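J.: sharing a sequence plus its predicted fold:
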Amino acid sequence: MSQAEAEPARSRNPVRSRYPMRPRHPVGPRTPQRPRSPLWTLGLLRSEITTLLRRHRTFALLGVLAAVPVLIGIAVRIETGGGGGGAGGPDGAAGPAFLAQVTANGLFLVFAALAATLPVFLPMAVGVVAGDAVAGEASSGTLRYLLVAPAGRTRLLLVKYASVLAFCLVATLVVAASALAVGALLFPVGEVTTISGTRIGFGEGLVRAALTALVVAVSLTGFAALGLFVSTLTGSGIGAMAATVGLLITVQILDSIPQLGAVHPYLFSHYWMSFADVLREPVHWDDLTKNFQLQGLYVAVFGSAAWARFTAKDITA
Amino acid sequence: MDPNDSAETAGEATGTGAGRRKAARYIVPVAVAGVAAATIGLVPALANSGDPDLPKISAQELIEKIAASDEEQLSGTFKISTDLGLPLDGLAGSLVPGGAGTGDKDGGAAAPQDKLMELTSGTHTLRVAADGPERQKLSILGDASEYSLIHNQGEVWAYDSKSGEVYHAEAPKGREGGDAKKAPKPPKGAPATPKDFAEQALAAAGDTTSVTVDGTAQVAGRDAYQLLIKPKQSGSTIGSVRIAVDAENGVPLKFTLSAASGGKAVVDAGFTKVDFSEPAASTFAFSPPKGAKVTEADELETGRDEHGAAQKALPGQLAELDGFEGVNVIGKGWTSIAEIRTPGGKGLPAAGSGDVPAEAQGFLDALGDKVTGKFGSGTVFKTRLVNALLTDDGSVYVGAVTKDALVRAADAAR
């Protein structure tokens, strides 16, 4: 509650903080603004999200993500069409997880596509959007205009992060929806055999698929916060994107070196594949919980670092 | 109030020292990281410190408790870490007939023996569920995959979600369900539940062994007594065996086997979560998914034979071991040593004899240590638990004993 009351005063920080004697809780003309303030934040968020989603670049990113399940689906279809339809195809052991089950049940294309896109495509798209969030505005010279509006830097940063999170969710859902459509089109759907060997109905299977997409979206939040922090460090949008994606690749490499096993549990990508545990019966929550905790830690550390940097830095562009 | 507000309030109040104030904001992320690090460091320590306060109990009573335990319904998560200290990790799997890594098509990838052998190295998470003697399930959780072994009223199914392959066998009729569960398990050395472990350890007891109750512990959120089993004889590589037994119902919850040389436990297997209520019936229901390749057990026999033949054709010493003359056990208890005489009367090919390429000879030498004694000379192959002495005249001495004990045994046998 005190948070909400403090907001209007704080929002003026970049402009007003030069006047030390300003009363903390404003009176008189500012009072009417208070009830409007939450809606106003929503307005800022809405405009931020629509701006993001209307960009050509965002369309291109989502298009690439939507194409991945199509490619996988067609490839699996061609492969098994020639090979007599056996599930144990030549690539049963290699390749992304769940590929073997796709021929039997199209719903598994959702999981296969998420498993294929999660290591690289999804975080790369998120890295581009997160890295561009603040640095892109700075490099195109629009950041100062955003700050002139009585929004406050903290709130602008929160809104930026919220829009990046929205992109995480949208990107994941695009992959899942595209995979579901392709899977239903090319392969039979029906009762789902979980990886524990038990069966669940198709409806429950859909629920699990949605849950999986949600888990994948949450898995990206830590990386998104990291990208936002990098974005506040530089005034170059391209630089921030490159640095964010570079960090992603570095961490993925570190995660694959067995000698560094001691640091693996602290790398943001280490528990990403735990989304597959949703498909066990009963759901195995241990690694999922660790994943959520780790993402929360990254959000807290890099979110606050981004805040420390962004609220303190000189905006020159 | 979040730190944000206070920082800004301070800023507004002073209006000076802007640089310091800005730098001070970085305290927030550093503090968050610090608190997280402290939490990660402290929480396990705090969780471990609270050993439960249980009434005193003698070792005899505790063993009886285990024997009397008749819990037939349980489900839980089980973690097993094995560090046998093999010269080359994974070598064991490839040497053991039908071992891991032979996911080839002749045996059917879903056959249980192959999979269970994987448990003998590394760390694995398992899920177990049991409902009486007729229904059990064991799942090995892998990366985005799972290997399930299901016994449900006379039928044994194995399902490998990675390859989508299914293995099916009829459980032998007229037998106890418990035996049927054991049937698909590896011959020995890879026990899968604490109960099996405990039974093996207790069978080795006698005047050679000290069995005591060593305090209490919390395992999988349950109060447990710790049964400590130690060899009284010297020369064994086994330091101690520790079994945590549920104080309430006597079910063994955790098994730890430590080497005499210290270090990480050789085998550390225990429940991380356990529930003694009836598992859902659907847990044990299995029917092969559409399009899955199903291998029947009797089909597999033919494949197994081919596999075996290939194994026998393996050139060199390993195949020769198949036709050994006899096993002679020296000593007793923990320090018993198996003496095996190979028919050829010929040990490892001596260096320079021309039997083996120089590279292979070097490889063999790198795996073992050369030893000499009254018996002649030979090579000792060491793991953390089991050592083997292969003498140049073709005898093999194997046991969970130190190198010196092996040499003494070889000397005595001369």
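T.: Ah, there it is.

J.: just confirm yes or no for stretch A:251-264 near chain B.
T.: No: using Cβ under 8 Å from any Cβ of the partner chain as the criterion, no contacts between stretch A:251-264 and chain B are found, and the smallest distance is 10.5 Å. (Each C-beta comes from the backbone N, C-alpha and C, glycine too.)

J.: hey, C-alpha coordinates of that stretch in PDB?
T.: In PDB, the C-alpha atoms belonging to stretch A:251-264 read as follows (Å, rounded to 0.1, in the frame of the first residue of the first chain):
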ATOM      1  CA  VAL A 251      26.900 -20.400 -20.300                       C
ATOM      2  CA  GLN A 252      25.700 -23.200 -22.500                       C
ATOM      3  CA  ILE A 253      29.300 -24.200 -23.200                       C
ATOM      4  CA  LEU A 254      30.200 -24.000 -19.500                       C
ATOM      5  CA  ASP A 255      27.200 -26.200 -18.700                       C
ATOM      6  CA  SER A 256      28.500 -28.900 -21.100                       C
ATOM      7  CA  ILE A 257      31.900 -29.100 -19.500                       C
ATOM      8  CA  PRO A 258      31.800 -32.000 -16.900                       C
ATOM      9  CA  GLN A 259      34.900 -30.700 -15.100                       C
ATOM     10  CA  LEU A 260      32.900 -27.600 -14.100                       C
ATOM     11  CA  GLY A 261      30.200 -29.700 -12.400                       C
ATOM     12  CA  ALA A 262      30.500 -27.600  -9.200                       C
ATOM     13  CA  VAL A 263      29.200 -24.500 -10.800                       C
ATOM     14  CA  HIS A 264      26.500 -26.100 -13.100                       C
END
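
J.: is chain B within reach of the strand or helix carrying A:L173?
T.: If you go by DSSP states H and E, A:L173 is part of helix A:153-186. Yes: when contact is scored as Cβ under 8 Å from any Cβ, part of helix A:153-186 falls within range of chain B: A:T154.

J.: partner strands of the following helix or strand past that helix and their direction?
T.: Beyond helix A:153-186 on the C-terminal side, the first helix or strand identified by DSSP H and E is strand A:192-193. Its sheet considered, strand A:192-193 pairs with strand A:199-200 (antiparallel) by DSSP bridges.

J.: which residues does the partner strand contact?
T.: Residues outside strand A:199-200 that contact it (Cβ atoms under 8 Å, 6 or more residues apart in numbering or on different chains) are A:191-194, A:208, A:281, B:282, B:285, B:287, B:289.

J.: now do stretch A:57-73
T.: Residues lying outside stretch A:57-73 but in contact with it, judged by Cβ under 8 Å, 6+ apart, are A:52, A:96, A:99, A:102, A:109-110, A:112-113, A:116-117, A:121-122, A:125, A:128-129, A:167, A:170-171, A:174-175, A:177-179, A:182-183, A:185-187.

J.: over to stretch A:228-237?
T.: Stretch A:228-237 is contacted by residues A:130-136, A:138-140, A:157, A:160-161, A:164, A:240, A:243-244, A:247, A:302-303, A:305-306, A:309-310, A:313, A:316-317 when judged by Cβ under 8 Å, 6+ apart.

J.: centre of the chain to it, how far?
T.: Relative to its chain's centre, stretch A:228-237 lies at 17 Å (Cα atoms, centre = their mean, to the nearest Å).

J.: okay, that stretch in CSV with CA atoms only?
T.: Backbone C-alpha positions of stretch A:228-237 (Å, rounded to 0.1, in the frame of the first residue of the first chain) are rendered in CSV as follows:
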residue,chain,number,x,y,z
LEU,A,228,17.8,-6.3,-19.3
PHE,A,229,20.8,-5.7,-17.1
VAL,A,230,23.2,-5.9,-20.0
SER,A,231,20.8,-3.5,-21.9
THR,A,232,21.2,-0.8,-19.2
LEU,A,233,25.0,-1.0,-19.4
THR,A,234,25.4,0.2,-22.9
GLY,A,235,23.8,2.8,-25.2
SER,A,236,24.2,0.5,-28.2
GLY,A,237,21.2,-1.8,-29.0
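
J.: pLDDT at B:G345, what is it?
T.: What the model reports as pLDDT for B:G345 is 50.

J.: hmm, I was thinking of A:V207
T.: In the predicted model, A:V207 carries a pLDDT score of 94.

J.: so what secondary structure elements neighbour the helix or strand hosting it?
T.: If you go by DSSP H and E, A:V207 is part of helix A:202-219. Helices and strands touching helix A:202-219, as assessed by 3 or more Cβ pairs under 8 Å, 6 or more residues apart in numbering or on different chains; DSSP states H and E, comprise helix A:108-117, helix A:153-186, strand A:192-193, helix A:285-312.

J.: got phi/psi on the closest residue to A:A104 other than its chain neighbours?
T.: Spatial nearest neighbour of A:A104, excluding adjacent residues (Cβ to Cβ, 6 or more residues apart in numbering or on different chains): B:G291 at 3.9 Å. In this entry, B:G291 is assigned phi and psi values of phi 80, psi 0 (degrees, to the nearest 10).

J.: tilt between the helix holding A:L173 and helix A:108-117?
T.: Relative orientation of helix A:153-186 versus helix A:108-117 (axes from the mean of the first three to the mean of the last three Cα atoms, to 10 degrees): 130 degrees.

J.: what's the mean pLDDT across helix A:153-186?
T.: 94.

J.: just how off-centre is that helix within its chain?
T.: 7 Å.

J.: run through the stretch 51-200 of chain B and note the low-pLDDT ranges.
T.: Residues of the stretch 51-200 of chain B meeting the criterion pLDDT under 70: B:86-110, B:172-200.

J.: please redo it, this time with the cut-off set to 50
T.: B:89-107, B:174-191 (pLDDT under 50).

J.: quick one, helices of it?
T.: For the stretch 51-200 of chain B, the helices defined by DSSP state H, counting those that start in this stretch cover B:59-68, B:91-95, B:112-117, B:177-182, B:194-203.

J.: residues near B:L257, how many?
T.: Around B:L257 sit 21 other residues, with neighbours defined as other Cβ atoms under 10 Å in any protein chain shown.

J.: after the host helix or strand of A:L122 comes which helix or strand?
T.: Under the assignment given by DSSP H and E, the secondary-structure element containing A:L122 is helix A:121-140. Beyond helix A:121-140 in the direction of the C-terminus, DSSP H and E gives the next helix or strand as helix A:143-148.

J.: is that next one positioned near chain B?
T.: No: counting by Cβ under 8 Å from any Cβ, chain B has no neighbours in helix A:143-148; the shortest distance is 15.2 Å.

J.: in stretch B:25-39, what's buried?
T.: In terms of neighbour count (16 or more other Cβ atoms under 10 Å in any protein chain shown), stretch B:25-39 has its buried residues at B:25, B:28-29, B:32-33, B:36.

J.: oh sorry, the question was meant for stretch B:122-142
T.: Residues B:124-131, B:133-142 are the ones in stretch B:122-142 that count as buried (16+ other Cβ under 10 Å).

J.: can you tell me if whichever strand or helix holds B:G41 touches chain A.
T.: Secondary structure here is read from DSSP H and E; on that basis B:G41 sits in helix B:27-49. Yes: interface with chain A: helix B:27-49 contributes B:28-29, B:32-33, B:36 (Cβ under 8 Å from any Cβ).

J.: max pairwise distance over those residues: which two?
T.: For those, the farthest-apart pair by Cβ to Cβ is B:V28 and B:A36; their separation is 12.7 Å.

J.: which ones are touching the nearest residue to B:L228 once chain neighbours are set aside?
T.: Excluding its sequence neighbours, the residue lying closest to B:L228 (Cβ to Cβ, 6+ apart) is B:D214, at 3.8 Å. Shown here is B:D214, whose contacts under the criterion Cβ under 8 Å, 6+ apart are B:226-228, B:242.

J.: sitting in strands, which of these do you find?
T.: Among these, the members falling in strands (DSSP state E) are B:226-228, B:242.

J.: and these, which two are furthest apart?
T.: Among the ones in strands among the contacts of B:D214, the pair separated by the greatest distance (Cβ to Cβ) is B:L227 and B:R242, at 7.1 Å.

J.: compare these two (neighbour count), which wins?
T.: Neighbour totals were compared for B:L227 and B:R242, and B:L227 leads with 25 against 20 (other Cβ under 10 Å).
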